[in-house]
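A.B. asks: compute the structure for the input listed below.
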Amino acid sequence: MTDYPPAFTELVEALRQLPSVGPRSAERHALFLLQADAAVSERLAAAVTKARTEIHPCRHCGFYAQGADSLCSICSSPQRDSSLWCVVEQPSDVIKLEKSNFFRGLYHVLGGRLSPLDKIGPEDLSIAKMEQRLAEAPPQEAVLALAADAEGETTALYLAPILKKAGVKVSRLAMGLPAGGGLEYADSVTLGYALSGRREL
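C.D. replies: Purely as a prediction, here's the structure:
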């Protein structure tokens with residue numbers, strides 16, 4: 001049976017490493033790159049190489065910054081409120097919160113969450129870096145924007161005493177019914193969070 005050359009198969013396998021890319025879509029992408037103008041694949045390769053070379057974690061918060069040992073656009077902005085932090089798991093969480101246009105403080109990216117089952121402990125996250133930042137310039141409040149699951153709760157319970165010891169007020173994101181959602185689609189845990197986090201009108 002005739003098959004693709006080994007280099008093509010290697011390209012397909014490389015593309016399959018991307019999220020949500022299965023065998024069929026990886027093959028389609030590989031065929032496109034081979035059949036398109038050479039400039040297309042060359043630009044893609046150059047962009048990937050440049051991003052991997054030039055983008056590094058911000059030396060303050062852990063979000064993406066361009067240039068080694070650089071500050072990200074958020075940490076370097078004088079318009080941000082340094083008295084308010086938002087602690088998140090991943091750099092992608094920063095983008096989600098920024099798109100809401102409600103938060104104007106600074107961030108701290110943990111790089112994950114505590115998960116004893118996966119052998120992820122405090123030393124695997126940027127908690128030591130957070131403690132260093134707290135010693136240098138603690139905020140007045142830190143919002144823990146972590147997942148509403150067992151690992152997120154464990155991480156929040158671990159971080160809260162560290163932040164409070166530095167004199168920081170600690171809060172968590174409100175959890176409950178999504179906008180536009182009805183009660184018939186909500187599970188009991190979500191309803192419980194919605195009731196406990198109710199506010200006066």
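A.B. asks: what sits closest to the residue nearest the centre of the chain if chain neighbours are left out?
C.D. replies: Centroid-nearest residue in the chain, with Cα atoms, centre = their mean: residue 90, separated by 2.1 Å. Nearest residue to residue 90 in three dimensions, chain neighbours excluded: residue 109, at 6.6 Å (Cβ to Cβ, 6 or more residues apart in numbering). In this view, the C-beta of every residue, glycine as well, is placed from N, C-alpha and C.
A.B. asks: list the contacts for the one you found?
C.D. replies: The neighbours of residue 109, taking Cβ atoms under 8 Å, 6 or more residues apart in numbering as the test, are 57, 61-63, 88-91, 93-94, 126.
A.B. asks: switch the cut-off to 10 Å
C.D. replies: Residues touching residue 109, when contacts are defined by Cβ atoms under 10 Å, 6 or more residues apart in numbering, comprise 57-58, 60-64, 72, 86-94, 125-126, 129-130.
A.B. asks: in ChimeraX, select just the buried ones from those.
C.D. replies: Isolation of the buried members of the contacts of residue 109 (16 or more other Cβ atoms under 10 Å) is achieved in ChimeraX through the command below:
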select :57,58,60,61,62,63,64,72,86,87,88,89,91,93,94,125,126,129,130
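A.B. asks: if you look at the contacts of residue 109, which of them are in helices?
C.D. replies: When helices are assigned by DSSP state H, the members of the contacts of residue 109 inside them are 91-94, 129-130.
A.B. asks: now those as JSON lines including distance to residue 10 and pLDDT?
C.D. replies: Supplementary listing: the ones in helices among the contacts of residue 109 in JSON lines, determined by distance: Cβ to Cβ, whole Å; pLDDT from 0 to 100:
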{"residue": "91", "distance to residue 10": "29", "pLDDT": "96"}
{"residue": "92", "distance to residue 10": "28", "pLDDT": "94"}
{"residue": "93", "distance to residue 10": "33", "pLDDT": "95"}
{"residue": "94", "distance to residue 10": "34", "pLDDT": "96"}
{"residue": "129", "distance to residue 10": "38", "pLDDT": "96"}
{"residue": "130", "distance to residue 10": "41", "pLDDT": "97"}
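A.B. asks: of those residues, closest to residue 192?
C.D. replies: Proximity of those to residue 192 was ranked by Cβ to Cβ; the top entry is residue 93 with 23.8 Å.
A.B. asks: find the nearest non-adjacent residue to the closest one, please.
C.D. replies: Spatial nearest neighbour of residue 93, excluding adjacent residues (Cβ to Cβ, 6+ apart): residue 145 at 6.5 Å.
A.B. asks: can you tell me which helix or strand of the chain has the lowest average pLDDT?
C.D. replies: Across the helices and strands of the chain, the lowest-confidence element by mean pLDDT, DSSP states H and E is helix 188-196, at a mean of 74.
A.B. asks: nothing else from me, thank you.
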